[in-house]
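In: Okay, here's the prediction I keep looking at, along with the sequence it came from:
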Amino acid sequence: MSPDLPAWATLAISFLLIVAGFFAVTGSLGLLRLPHFYSRIHAPTLANTLASFCIVVSILIMASFVEHRFVAHSLLVSFFLIITSPVTAMLLMRAAIKRELRRNAETQEEPQQQG
Amino acid sequence: MNQIFQFATFFALGCFVLGMCLAVYRLGAGPSMADRVLALDTMYINGMLILLTLGLRFGSPLYFDIGLLICIFGFVGSVAMAKFLLRGEVIEP
């Protein structure tokens, strides 16, 4: 850490880091605790994207103060995650629905909640 | 003020490692294959966040590029596995 950061920048970076930690734990805890796959898929997709956005904003603040100009290249990570996370979630949900339908058609049982 | 920053990075690293451990448990014990792919997706995002936080703590710009690469290739891997689950051979878990 460079020593010439002002106090409010350090406080903002620390606050964003702690918020990102809370969001990451919330997402992974939802992945562990929620009952069905269709509810489990929402937790890490949303919460980890928000955590990465907090981290990226803190990196942006720190890089802007270190290099004395506005550095926006760290927004690329957040941009990629915002684009790619719904695509992954949608493909996984379609795969789970198709597999469940196929298994139900094979066994002719009641629809199960596992994907 | 520096101690606050050190504590915040330490706390964030602990949270990310805890989230990664929970994702590893879901990867091992997931009842379906889509659960395991979702756990792998969570794992790579948590690893990327760990790398970004380490770069913030050490003040090195190299960690950011590694995080960007992990982001892109993790997405490619997740999409490949999801497409395999969608179109592949019927292999019941």
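Out: Sure thing, it's come through.
In: Can you pull out the residues in contact with stretch A:71-86?
Out: Taking contacts as CB atoms under 8 Å, 6 or more residues apart in numbering or on different chains, the residues outside stretch A:71-86 that touch it are A:45, A:48-49, A:52-53, A:56, A:59-60, A:63-64, B:45, B:48, B:52, B:64, B:67-68, B:71-72, B:75. All C-beta atoms are positioned from the backbone trio N, CA, C, and that covers glycine.
In: same deal with stretch B:26-42?
Out: By CB under 8 Å, 6+ apart, the residues outside stretch B:26-42 that reach it are A:27-28, A:31-32, A:37, A:40-41, A:44, A:48, A:88, A:92-93, A:95-96, A:99, A:114-115, B:19, B:23-24, B:43, B:74, B:77-78, B:81-82, B:85, B:93.
In: How are the helices of the chain distributed by residue range?
Out: Unless you meant another one, I'm taking chain A. Under the criterion DSSP state H, helices of chain A are mapped to A:7-33, A:37-40, A:42-67, A:75-107.
In: um, chain B though
Out: Here chain B has its helices, by DSSP H, at B:2-29, B:33-58, B:62-87.
In: Poorly predicted segments of the chain, please.
Out: Using chain A. Applying pLDDT under 70 to chain A picks out residues A:1-3, A:109-115.
In: look at chain B instead
Out: B:89-93.
In: Please give me every residue in contact with the residue nearest in space to the middle of it.
Out: The geometric centre of chain B, computed from its C-alpha atoms, lies nearest to B:Tyr44 (CA atoms, centre = their mean), at 2.3 Å. Residues touching B:Tyr44, when contacts are defined by CB under 8 Å, 6+ apart, comprise B:Ile70, B:Cys71, B:Gly74, B:Gly77, B:Ser78.
In: from the residues you listed, which would you call buried?
Out: Neighbour-count burial within the contacts of B:Tyr44 applies to B:Ile70, B:Cys71, B:Gly74, B:Ser78; the criterion is 16 or more other CB atoms under 10 Å in any protein chain shown.
In: hang on, the earlier thing: redo the helices of chain A as JSON lines? Include mean neighbour count.
Out: Rendered in JSON lines, the data for the helices of chain A read as follows (neighbours: other CB atoms under 10 Å in any protein chain shown):
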{"stretch": "helix A:7-33", "mean neighbour count": "20"}
{"stretch": "helix A:37-40", "mean neighbour count": "18"}
{"stretch": "helix A:42-67", "mean neighbour count": "21"}
{"stretch": "helix A:75-107", "mean neighbour count": "16"}
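In: Against B:Asp41, how distant is the residue nearest to the spatial centre of chain A?
Out: Among the residues of chain A, the one closest to the centroid is A:Asn48, at 1.8 Å (CA atoms, centre = their mean). A:Asn48 is 9 Å from B:Asp41, where distance means CB to CB, to the nearest Å.
In: now do A:Thr88
Out: 6 Å.
In: circling back to that earlier point, out of the helices of chain A, nearest to B:Gly14?
Out: Ranking these by their distance to B:Gly14 (criterion: CB to CB) puts helix A:7-33 first, at 7.2 Å.
In: Run the contact check for that closest one versus chain B.
Out: Yes. Using CB under 8 Å from any CB of the partner chain, helix A:7-33 comes into contact with chain B via A:7, A:10-11, A:13-15, A:17-18, A:20-22, A:24-25, A:27-29, A:31-32.
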